[in-house]
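> have a look; sequence and predicted model below, questions after that.
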Amino acid sequence: MLDSVNFNNCLPDISLPDPLMSWTQLLGNQDYYVFACLHILAFDRGWTSFLPEQWSKRHVWQWLQFCCDQYKLDASCIPFSRFDINGMQLCSMSRQEFVIAAGVYGDYLHRILQNLRIYGEWFLLSPDESKQDFKQYSQHSCLLSSMCMSTDCHIPPVTHRTSLQSTHLWEFVRDLLLSPEENSGILEWEDRDNGIFRVVKSEALAKVWGQRKKNDRMTYEKLSRALRYYYKTGILERVDRRLVYKFGKNTHGWRKQQL
DNA sequence: TACACTTTTCCTGGTT
DNA sequence: CAACCAGGAAAAGTGT
């Protein structure tokens, strides 16, 4: 498991860049340059270590997952099965093909990918300044293409956190489930289709969560208390079995296929 | 600074 | 008895 370095603490006090901002605009701001240099050193998600053309299928999914999380896209609008392709195939897709594959988010994802290919990962940090852009994209796409793949597809909320350090516990758990090589048998799916999973190594889970939060006093007792709070908010649902949890309706990004 | 929200910490009591 | 679950209460941490 990669430890998320709290690099934000040593970064200049600036707003994060718009992922769709041009490179010349970005480099025109020296703070952003410093920010990007620090970020590239501290931020490694696997897929970021490769050029998009070199991505495996898994990297493509990781990237989509990242976009869902970072830009608060509704994953139910993105049929991941249509992205069961490697990076070379992804990069060969036209904007129109993105719209067909990803519906309401296709145009947006296509532009993010193009910026990523041209300028690198530094564009992928925050949607804050692109909220309005995205809202316009979404509405435009909905009107023009009616390609939304889900009946509950919606414009993403505009209030959210952006810091990597503030990754929520449930997202951390989900990402661990989706990353077998980082999971080390800590968690395993019991019923993937219904979002049911089991904590296999409770102490190890507490340890990696503690590492993420830089808290060596974390225990499974405390972590499980945080998980139980999720029952109130629909993030998790109760499963009456020890160490078994189920993702609730207010989660996203864990399904194999979003149709 | 106030506030909202999430997570942590501690706790009592119950269950497996 | 250990490990886990349920959930109250309060505090801490973080972002707006």
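Nice, I can see it. Note that this is a predicted model, so its numbers are computed, not measured.

> outline the domain layout of chain A.
Recorded structural domains for chain A (assignment: automatic domain parsing) are A:7-165, A:168-247.

> so which residue of the stretch 51-200 of chain A comes closest to DNA strand B?
In the stretch 51-200 of chain A, the residue found nearest to DNA strand B is residue A:168; the distance is 3.3 Å by CB to the nearest atom of the strand. To be clear about C-beta, it is placed using only N, CA and C from the backbone, and glycine gets the same treatment.

> rewinding a little: and the domains of chain A, which one averages the lowest pLDDT?
Across these, the stretch with the lowest average pLDDT is domain A:7-165; it has a mean of 56.

> do you know how far residue A:169 is from residue A:194?
20 Å (CB to CB, to the nearest Å).

> which secondary structure elements does the one helix or strand residue A:172 maps to contact?
Residue A:172 belongs to helix A:169-177 when elements are defined using DSSP states H and E. Applying 3 or more CB pairs under 8 Å, 6 or more residues apart in numbering; DSSP states H and E, we find helix A:169-177 packed against helix A:180-183, strand A:187-191, helix A:202-212, helix A:220-233, strand A:244-247.

> one more pass at 10 Å, please.
helix A:57-70, helix A:180-183, strand A:187-191, strand A:196-199, helix A:202-212, helix A:220-233, strand A:236-238, strand A:244-247 (3 or more CB pairs under 10 Å, 6 or more residues apart in numbering; DSSP states H and E).

> now that helix and strand A:187-191, what's the angle there?
Put simply, helix A:169-177 runs at 90 degrees to strand A:187-191, going by axes from the mean of the first three to the mean of the last three CA atoms, to 10 degrees.

> any residue of helix A:169-177 touching DNA strand C?
No. Helix A:169-177 does not reach DNA strand C (CB under 7 Å from any atom of the strand); its nearest approach is 12.2 Å.

> so which bits of that helix are buried?
Judged by neighbour count (16 or more other CB atoms under 10 Å), helix A:169-177 contains these buried residues: A:169, A:170, A:171, A:172, A:173, A:174, A:175, A:176, A:177.

> widest-spaced pair of the residues you listed?
A:169 and A:177 (12.8 Å; CB to CB).

> around DNA strand B, which positions in chain A sit nearby?
Taking CB under 7 Å from any atom of the strand as the criterion, the neighbours of DNA strand B within chain A are A:168-170, A:209-210, A:213, A:215, A:217-219, A:221-223, A:225-226, A:229-230, A:233, A:242.

> repeat that for 6 Å
A:168, A:169, A:213, A:215, A:217, A:218, A:222, A:223, A:225, A:226, A:229, A:233 (CB under 6 Å from any atom of the strand).

> how much space between the fourth one and residue A:207?
In this view, residue A:215 and residue A:207 are 10 Å apart by CB to CB.

> so the two - more neighbours on which side?
It is residue A:207, of residue A:215 and residue A:207, that has more neighbours when counted by other CB atoms under 10 Å, with 18 against 12.

> what's near enough to touch residue A:90?
By CB atoms under 10 Å, 6 or more residues apart in numbering, residue A:90 lies in contact with A:52-53, A:55, A:57, A:59-60, A:63-64, A:83, A:97-98, A:101, A:109-110, A:113, A:117.
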